[in-house]
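*Asks:* Show me the folded form of this:
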Amino acid sequence: MLGTLNLIALIATFAAAFGAFAFLKERKWPEWASGAAALLAFAAVSTAWLLVYRATGFPGWMRWPTQLFAHSTTEPRQISTAIPSQISGSEIFEKPGYYSLNIKGWQHNTTPAGDVFICSTCGAQIQVQLDYGPELDSDAIYHSNKEFLAALGTENAQKDFAESLLRKAILLQSGFTISVEMVGLSTIGGLEVLQFSAVVEMPPTISHDNTMVAIHKNRIMKLTLNYFDGAMNDNTRAAIHELFSSLRFV
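*Replies:* Residues are numbered from 1 along each chain as shown. A predicted model of the protein is given here:
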């Protein structure tokens, strides 16, 4: 979905701009007027796609975040497996056979690849997305999480993997600068993971990304936290810490 949606968005946006310019030039409009109309068409279609992205939980290039897992790798408490249920201030979401977590204060959306959780109490765009890939087949490079993490035993290997994953996610975008700031092995929800943080500069904005990757249930699992510059404060850190602390992989 990621590549397809971005490709459609780019084609539609540029087609609207160039189409408007060519249409008006053919009718002998002044070049400045044709250019202004093309810019308006570009802005209108871009706005429409931003609304689509927002409605679907900001898939694609808005999924990428940084450094907030200082307190997120603690072992979660035992929680109920209701789907979901209200339990003494908690709202437990479960993906049967995969994971559960307390999403109190978070809005849940679904995507073809997984689930998106958007903080409804943070006062800023804070998004967590948990995706699963297809089942690994017999000729996959890795067949277990142990093999996956063993192959990433060095900092260089971890950084190469992180950069490759990031660049695949924003392959169709131009003018972005990606900086991987931290890599390492960690644990969250009882699952050992590769963790990396990155900054994606998308002038005039900067997106921060913190990602955890592992093989779980014979699938690639990717947990991403993303936010923009200026979004972090004590309230948002507490909300994210509570969400991640409740996560339990089964």
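*Asks:* name the helices or strands packed onto the host helix or strand of Q158?
*Replies:* If you go by DSSP states H and E, Q158 is part of helix 155-169. With contacts taken as 3 or more Cβ pairs under 8 Å, 6 or more residues apart in numbering; DSSP states H and E, helix 155-169 sits against strand 177-188, strand 191-202, strand 205-216. For glycine as for every other residue, the C-beta is placed from the backbone atoms N, C-alpha and C.
*Asks:* of all the ones you listed, which lies closest to H143?
*Replies:* H143 sits nearest to strand 205-216 of all those, at 8.0 Å, using Cβ to Cβ.
*Asks:* Tell me the buried residues in the closest one?
*Replies:* S207, H208, D209, N210, T211, M212, V213, A214, I215, H216 (16 or more other Cβ atoms under 10 Å).
*Asks:* want to throw the residues you listed into TSV with pLDDT?
*Replies:* Putting the buried residues of strand 205-216 into TSV (pLDDT from 0 to 100) gives the following:
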residue	pLDDT
S207	89
H208	92
D209	91
N210	94
T211	96
M212	97
V213	97
A214	97
I215	97
H216	97
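*Asks:* Can you tell me which of these is nearest C122?
*Replies:* Nearest to C122 among these, with distances taken as Cβ to Cβ, is H208, at 13.9 Å.
*Asks:* Make sure that closest one is actually in contact with Y227.
*Replies:* Yes - between H208 and Y227 there is a contact under Cβ atoms under 8 Å: 5.5 Å.
*Asks:* T110 - how many residues pack around it?
*Replies:* 10 (other Cβ atoms under 10 Å).
*Asks:* Now name the helix or strand holding the closest residue to it other than its chain neighbours.
*Replies:* Computed as Cβ to Cβ, 6 or more residues apart in numbering, the closest residue to T110 that is not its neighbour in sequence is V116, at 7.2 Å. For V116, the element it lies in under DSSP H and E is strand 114-119.
*Asks:* Contacts for the helix or strand following that strand next, please.
*Replies:* For strand 114-119, the succeeding helix or strand toward the C-terminus, using DSSP H and E, is strand 127-135. Strand 127-135 is contacted by residues 57-59, 62-63, 65, 95, 98-99, 106, 111, 113-119, 216-227, 240, 243 when judged by Cβ atoms under 8 Å, 6 or more residues apart in numbering.
*Asks:* Now, those that are in helices?
*Replies:* Using DSSP state H, the members of the contacts of strand 127-135 that fall in helices are I240, L243.
*Asks:* I118 touches W106, doesn't it?
*Replies:* Yes - contact status for I118 versus W106: in contact at 6.5 Å, counting by Cβ under 8 Å.
*Asks:* Just want to know which of those two has more residues nearby.
*Replies:* Neighbour count, other Cβ under 10 Å: between I118 and W106, W106 has more, with 23 against 17.
*Asks:* before we move on, the earlier item: with distance to N235 as extra columns, can I get the buried residues of strand 205-216 in a markdown table?
*Replies:* As requested, those are exported to a markdown table (distance: Cβ to Cβ, whole Å):
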| residue | distance to N235 |
| --- | --- |
| S207 | 20 |
| H208 | 17 |
| D209 | 20 |
| N210 | 18 |
| T211 | 23 |
| M212 | 23 |
| V213 | 28 |
| A214 | 29 |
| I215 | 34 |
| H216 | 30 |
